[in-house]
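Visitor: Below: sequence and its predicted model.
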Amino acid sequence: MTKVRTTTVKPSCESCFFHCNQLCALNLDEPCATYRPNHPEGLRPPQQMRFVFRQERSVRSVWAFPTAAEQAALHSA
């Protein structure tokens with residue numbers, strides 16, 4: 001399997017969509033929590049995590065409660 005490495009640009013207020021479109025009211029030295037990259041096509045929502053289904057690892061549980069007959073045999077005198 002080939003690993004693809006992407007180069008990421010460090011976020012800054014100057015590259016933020018809100019700063020570039022004069023929508024930011026904050027005066028900070030570093031990007032805030034609402035940072036969104038400025039793209040020519042406009043504001044895009046942040047990429048969401050992908051939902052991946054897990055494979056069933058085992059068909060049978062490792063531990064199970066004793067059956068009713070086994071419990072009766074344990075507690076009968």
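Guide: Perfect, thanks for sending it.
Visitor: ok, which stretches of the chain are helices?
Guide: Secondary structure of the chain (DSSP state H): helices located at 17-20, 68-75.
Visitor: Could you say which of those is packed most deeply?
Guide: helix 17-20 (a mean of 17; mean count of other Cβ atoms under 10 Å). For the C-beta atoms, the positions are set from N, CA and C on the backbone; glycine is no exception.
Visitor: Just put the helices of the chain in TSV and tack on mean pLDDT.
Guide: As requested, the helices of the chain are exported to TSV (pLDDT from 0 to 100):
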stretch	mean pLDDT
helix 17-20	89
helix 68-75	88
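Visitor: Give me the phi and psi angles of the residue nearest the centre of the chain.
Guide: Nearest to the geometric centre of the chain sits M49, at 4.4 Å (Cα atoms, centre = their mean). Dihedral angles of M49 (phi, psi; degrees, to the nearest 10) stand at phi -70, psi 150.
Visitor: which regions of this protein lie under the pLDDT threshold?
Guide: 1-7, 56-62, 77 (pLDDT under 70).
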